[in-house]
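Student: Quick one: sequence and predicted model below, then my questions.
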2 protein chains.
Amino acid sequence: MVTKQLVENILKTKMEDIPEEVNIHGKKSLYNWMGVAIGAAHHPSVDMVLGLKEDIQSAEQVSIFGRTEKTDLLLASLINGMSSHIFDYDDTHLDTIHHPSGPVAPVVLALAEKMNLSGKQVLHAFILGCEAELRIANAVYPSHYHLGYHITSSTGVFGAATAAGILLELNEEQMAWALGIAGTQSFGLREMFGTMTKPFHPGKAAQNGLMAALLAKKNFTSSTEVLEAKRGFANVLAPEHDLAKVNVAWGTEWELLKNAFKPYACGIVLHPSIDACIALGKQVKAEEVERIELTVNPYVLELTGKPTPPTGLAGKFSIYHTAAVAFLEGDAGEAQYSDASVHNPEVVAFRSKIHPQVDATVKEEEVQAVAYLKDGSTIAHTVKNATGSIENPMDDNALERKFNRLVHAIIGGGAAESLREQMYKLDELENLDGLIALTKGNAERILN
Amino acid sequence: MVTKQLVENILKTKMEDIPEEVNIHGKKSLYNWMGVAIGAAHHPSVDMVLGLKEDIQSAEQVSIFGRTEKTDLLLASLINGMSSHIFDYDDTHLDTIHHPSGPVAPVVLALAEKMNLSGKQVLHAFILGCEAELRIANAVYPSHYHLGYHITSSTGVFGAATAAGILLELNEEQMAWALGIAGTQSFGLREMFGTMTKPFHPGKAAQNGLMAALLAKKNFTSSTEVLEAKRGFANVLAPEHDLAKVNVAWGTEWELLKNAFKPYACGIVLHPSIDACIALGKQVKAEEVERIELTVNPYVLELTGKPTPPTGLAGKFSIYHTAAVAFLEGDAGEAQYSDASVHNPEVVAFRSKIHPQVDATVKEEEVQAVAYLKDGSTIAHTVKNATGSIENPMDDNALERKFNRLVHAIIGGGAAESLREQMYKLDELENLDGLIALTKGNAERILN
């Protein structure tokens, strides 16, 4: 009944049923997503996946954001979804450590371009796709994540199928099948964190979910009880789960409103430490510091305990590297996660001064930082709610600065400004031709 | 170390290291696979997946067996892999209930057609792909399967990546990455059994594994410890596992030799009951029978307990339907699993006479059947090793009859005979142009 109820909820929720506040946050989520997707569009890993275009002689159907190439619908969903997660700089639903836009945005934008859909249709499908995947994530978090699943792809595939299903106008049975075809493909091992395969996850979830909806539209049959069946998604992939969370308060509570934007280009669990180390770095010089102790939630060190990250991507999973660059450079943007940065001798030297320790009474969004100086004195800095949390969100100006920093070199300042305007009035656009034209990027950024 | 060792084993095993017996069984496996792939090539579900060709304007790179269409490499792997599993008539590695050819054969044949490879290259990659996936299956069976995973796709993706990786000439690091990109995509819920999504599984595993190898070839990075890592494949997807089984006796014991071919178009667990009911049907008329009791392993009823299957596909998961058609029609081929067959009033009436009961002391390959007649007499028939088991295999003539029955209506008798000859001398073929030309099918079979 859970799957059936979810399908009913999805299909009964029209654009006019979605509160304005949710619409605005949806547009902001898409704006943030587009920035991170364009920003990483010339990363070597994107070149590699785009190489599949030649392997399969993919048709030039829809756009790759931040580039001039086009590929077919399915490949574009993979590439754009992957691109948006490369910098680990995309949005985060903090309750489940889920990046909701990644698997959904590339699908709605690809279908919009191919089917000449309106901005309102895109926003509607995007919001409901995010809502579906986040509610499913709520139902299986934390056991599913702790078991080892990258929840963004493993539940994101449902979001992609939901959003595509809305745009393809699936009926109830077809939508249930789409969720079935999507859900059986739930995948993503956390073992991949720190490699190119991590950002591959949301992209492939987007592709798989879109294919699921395309097949269901053709009446390709599947289970109609994928979420709750004895050998369905929840029982197989989540040792503990509460499927009541999937449909509870549908239409009155919106999970998408809990979607936060990251000021830093790494996992959200490092943000308190970054805030603290930036603050410490403003107060004292590197050579004066003997050691910095960071008292964090145990989970933070479990996720980011790599002491000597070999690559920039791996640096995102190193509290040592991250704290060092935050202290030394006052930021943790994508420049701080280049391959050059993790091998920078100054950074390498300073990261040996970083001493994390765990304390289960410290929350994930907190840190207690203490710098022990060579002169025997100490400086303490405690962060209760990191920048980018729901309690301490990025404001619109900060979001625009982030967006511009990501896209300027690729699409230029004028296009960046126009793109922001278009994205914020997405629901007024008759089609996305103008918006998508602004995302074309010729320049190649120097990433490393 | 398990993944690294597997990669070393795969890459060190040349064609000349493979015993002749294994080569012959490999060719026989591909022959059987081609028959079931062609046989189902005009099933409605294949038309649906082939509909994706139009959705993505897929390039005409390689062949869809049993049809005249071509699609791109990745889509063809999906379609051919799916087609081969639709009738549930493909090969089975009995130790793990795995259908090894499904995820591997479509990949090696697609690459062979595109890259103009020799038959020897194809056979080499096919055998090692099967060997890799079956050894991984051994390591996680039964807990992985019992948890709810369709082991054919969930481990088959490794086989597809291995086979593709060999043909793409990956180096050691790339092959480890390919297994990583493949393994993180391990998927397939048993909840899908009885729907079109079940045969979708091996096809999608083929596609995902091929994509993994194509990406690894471009140096797309991944974990190099996907099998054994803390949050890698075995720990996340199999509550109990023994990874030593992956590499044990590599090169001296061949799992592919345990691959059996099915005389009946359904799960192997039903084969003893089919043998028994065919035997009973030859001895007594339907109207004389009061009830038939089938004492089976508990697992048989867990898998095939559907009392009133709504479709032919679902009929494959119904011991009631299966036993009824076996008794009434003396066979359980694809004709007995049409939609018409499960709604045939005579069949529907007789299936109420089928009474399975479970007994844990009865092995999966056994059945104790007793027909209770209206005149008060009984006829007992016990099967110890069902037809198609390793102990009681189909002989070459029976395999040829099966092949011909599947492909005649689609490619014609002359092509069927030529195709058999080509498949049996696969390792002598300079390229597969002639062989693949024989697989083209114009006729559409009447399936229902």
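Tutor: Happy to help now that I have it.
Student: C-alpha only now, for contacts and for neighbours.
Tutor: Will do.
Student: and residue A:375, helix, strand or coil?
Tutor: Recorded secondary structure, residue A:375: coil (DSSP: H, G, I helix; E, B strand; the rest coil).
Student: which ones are touching it?
Tutor: With contacts defined as Cα atoms under 8 Å, 6 or more residues apart in numbering or on different chains, residue A:375 is in contact with residue A:288.
Student: Just the buried positions in stretch A:18-31, please.
Tutor: Residues of stretch A:18-31 classed as buried: A:18, A:22, A:23, A:24, A:25, A:26, A:27, A:28, A:29, A:30, A:31 (neighbour count, 16 or more other Cα atoms under 10 Å in any protein chain shown).
Student: typo on my end, it should be stretch A:331-344
Tutor: A:331, A:332, A:333, A:334, A:335, A:336, A:337, A:338, A:339, A:341, A:342, A:343.
Student: could you pull out the helices for the stretch 101-250 of chain A?
Tutor: A:101-115, A:119-140, A:143-147, A:151-167, A:172-183, A:197-217, A:233-237, A:244-247 (DSSP state H, counting those that start in this stretch).
Student: and the stretch 1-150 of chain A, which of its residues are near chain B?
Tutor: Listed as neighbours of chain B in the stretch 1-150 of chain A under the rule Cα under 8 Å from any Cα of the partner chain: A:45, A:48-49, A:51-52, A:55-59, A:61, A:72-74, A:147-149.
Student: Skipping its backbone neighbours, what lies nearest the spatially most central residue of chain A in space?
Tutor: Nearest residue to the geometric centre of chain A (Cα atoms, centre = their mean): residue A:99, 3.3 Å. Of all residues not flanking residue A:99 in the chain, residue A:92 sits nearest, at 4.6 Å (Cα to Cα, 6 or more residues apart in numbering or on different chains).
Student: can I assume the one you found is in contact with residue A:102?
Tutor: No: counting by Cα atoms under 8 Å, residue A:102 is not a contact partner of residue A:92; they are 10.0 Å apart.
Student: So between those two, which is more surrounded?
Tutor: When residue A:92 and residue A:102 are compared for neighbours, residue A:102 comes out ahead with 38 against 26, by other Cα atoms under 10 Å in any protein chain shown.
Student: OK, contacts around the more buried one?
Tutor: By Cα under 8 Å, 6+ apart, the contact set of residue A:102 is A:33, A:81, A:82, A:84, A:85, A:90, A:152, A:156, A:202, A:203, A:206.
Student: what's the spacing between it and chain B?
Tutor: Using Cα to the nearest Cα, to the nearest Å, one obtains 17 Å as the distance from residue A:102 to chain B.
Student: quick one, what contacts residue A:195?
Tutor: A:313, A:314, B:221, B:222, B:223.
Student: What helix or strand is the second one located in?
Tutor: So that's residue A:314. Per DSSP states H and E: residue A:314 is located in helix A:312-315.
Student: packing partners for the next helix or strand along the chain from that helix?
Tutor: Sequence-wise, the next helix or strand beyond helix A:312-315 is helix A:319-329, with elements assigned using DSSP H and E. When contacts are defined as 3 or more Cα pairs under 8 Å, 6 or more residues apart in numbering or on different chains; DSSP states H and E, helix A:319-329 sits against helix A:271-281, helix A:345-351, strand A:354-358.
Student: Let me know how buried the closest residue to residue A:50 other than its chain neighbours is, in neighbour terms.
Tutor: Distances taken as Cα to Cα, 6+ apart put residue A:79 closest to residue A:50, at 6.9 Å, once the chain neighbours are dropped. Using other Cα under 10 Å, residue A:79 has 31 neighbouring residues.
Student: Could I get the average pLDDT for the one helix or strand residue A:79 maps to?
Tutor: Assigned by DSSP H and E, residue A:79 belongs to helix A:73-83. What helix A:73-83 shows for mean pLDDT is 98.
Student: name the helices or strands packed onto it?
Tutor: helix A:20-39, helix A:44-50, strand A:62-63, helix A:101-115, helix A:197-217.
Student: Kindly reformat these as a markdown table containing distance to residue B:175 and mean pLDDT.
Tutor: Output for the helices and strands packed on helix A:73-83, formatted as a markdown table (distance: least, Cα to Cα, whole Å; pLDDT from 0 to 100):
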| stretch | distance to residue B:175 | mean pLDDT |
| --- | --- | --- |
| helix A:20-39 | 29 | 98 |
| helix A:44-50 | 16 | 97 |
| strand A:62-63 | 31 | 98 |
| helix A:101-115 | 27 | 98 |
| helix A:197-217 | 14 | 98 |
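Student: okay, these, which one's buried deepest?
Tutor: Neighbour counts (mean count of other Cα atoms under 10 Å in any protein chain shown) averaged over each of the helices and strands packed on helix A:73-83 peak at helix A:197-217, with a mean of 30.
Student: gap between that helix and the chain center?
Tutor: Counting by Cα atoms, centre = their mean, to the nearest Å, helix A:197-217 is centred 15 Å from the centre of its parent chain.
Student: okay, the angle between it and helix B:197-217?
Tutor: Put simply, helix A:197-217 runs at 150 degrees to helix B:197-217, going by axes from the mean of the first three to the mean of the last three Cα atoms, to 10 degrees.
Student: need the strands for the stretch 301-448 of chain A, in chain order.
Tutor: Counting by DSSP state E, counting those that start in this stretch, one finds strands in the stretch 301-448 of chain A at the ranges A:354-358, A:367-373, A:378-383.
Student: Pull the contacting residues for residue A:60.
Tutor: Here residue A:60 is in contact with A:69, A:70, A:71, A:72 (criterion: Cα under 8 Å, 6+ apart).
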